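Peer 1: quick one: sequence plus predicted model below, questions after.
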Amino acid sequence: MDITTVKDVELERYITGIMLDIGVPAHLKGYHYLRDAIMISGRDMEAVSSITKLLYPVIAKRFKTSSQKVERAIRNAIEVSWDRGNAETFEAMFGYSARTGNVRPTNSEYIARIADKVRLDFKAM
């Protein structure tokens, strides 16, 4: 199944499951921004290559905020999940975790890795 044919609700539900498994707290603004970023990137991986010029402004417009606030909220959500999240899931997905002493992935690395996982999972279906 190609990810472009998947309904938004189904894709959003799938991404939500991954994010909750990783440990991104749902009460953070960055959680919602991050989910949108992964959805957009999953459908078009080019969005990750121009994250500050394309991805953040699209999300900021959708949520009626600034690109800088989107970037900061996503970074905060990633930091929180990195520190408090499920280390085993991080190791399976990224190859490392906070437990191994590595630094957290950047916003673009985090978004790209999860978006790629989503794309591959839907291709396998």
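Peer 2: Noted; the coordinates are in hand.
Peer 1: didn't M93 look like it was pressed against K117?
Peer 2: Yes - the pair M93 / K117 is scored as a contact, 6.4 Å apart, by CB atoms under 8 Å. In short, each C-beta sits where N, CA and C put it, glycine included.
Peer 1: separation between D121 and R99?
Peer 2: 25 Å (CB to CB, to the nearest Å).
Peer 1: and the two? Which one has more around it.
Peer 2: Neighbour totals were compared for D121 and R99, and D121 leads with 14 against 10 (other CB atoms under 10 Å).
Peer 1: where does pLDDT dip in the chain?
Peer 2: Along the chain, segments meeting pLDDT under 70 span 1-6.
Peer 1: quick one: the helices in it, in order.
Peer 2: In the chain, the helices defined using DSSP state H lie at 8-22, 29-43, 46-49, 56-63, 67-84, 87-94, 107-124.
Peer 1: could you identify which of the ones you listed is most buried?
Peer 2: Stretch with highest mean neighbour count among the helices of the chain: helix 29-43 (a mean of 22; mean count of other CB atoms under 10 Å).
Peer 1: so what does that helix touch, helix or strand wise?
Peer 2: On a contact count with 3 or more CB pairs under 8 Å, 6 or more residues apart in numbering; DSSP states H and E, helix 29-43 meets helix 8-22, helix 46-49, helix 56-63, helix 67-84, helix 107-124.
Peer 1: show residues contacting the second one.
Peer 2: Residues external to helix 46-49 that are found in contact with it (CB atoms under 8 Å, 6 or more residues apart in numbering): A37, I40, S41, L54, L55, V58, S108, I111, A112, A115.
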